[in-house]
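> sequence plus the predicted model coming up.
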Amino acid sequence: MNGTGCVALTDTTRDELLERIRQTQDRFDRLARTADPDARAPGSDWTVRQFVAHVLTVAHRYQKIARGLEYRRAVTLSEMPAINQTELEAVMAPVPELADDLLAVEAEINAFMGSRPL
């Protein structure tokens, strides 16, 4: 137990966890900026650009949580594709712009998460 009434799934410190998150964010940023924006992963209908845009829309949801705001939620699973499509269309831009926007949102989310108890 870790004082929260929950059993920890991994044995790590906050600093280690935040460093792993930062490394993953850095790797994603490098891959997003260097990949062909029109390439598709095998078996996927989405391009690199669409995938990066989707990650940005998910980050926007976390940003709203950090700000204490609500975001559009699906009531049923069948509503999720329409929400995803609307959000993708709202942010779609060249990959470098999407990646820059994601970095800005990540900074806010990281600051929020770094201040929260584990």
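In hand now; what should we look at? Numbering: from 1, shown residues only.
> which helix or which strand is home to the residue sitting nearest the centre point of the chain?
Most central in the chain under C-alpha atoms, centre = their mean is A59, positioned 3.9 Å from the mean C-alpha point. For A59, the enclosing helix or strand under DSSP states H and E is helix 48-66.
> which positions in that helix come out as buried?
48-57, 59-63, 66 (16 or more other C-beta atoms under 10 Å). (Each C-beta comes from the backbone N, C-alpha and C, glycine too.)
> which one of those is nearest to I83?
When those are ranked by distance to I83 (C-beta to C-beta), T57 comes first, at 8.9 Å.
> residue contacts, that closest one?
T57 is in contact with 84, 87-88, 90-91, counting by C-beta atoms under 8 Å, 6 or more residues apart in numbering.
> please pick the buried ones from those.
Among the contacts of T57, those buried by neighbour count (16+ other C-beta under 10 Å) are 84, 87-88, 91.
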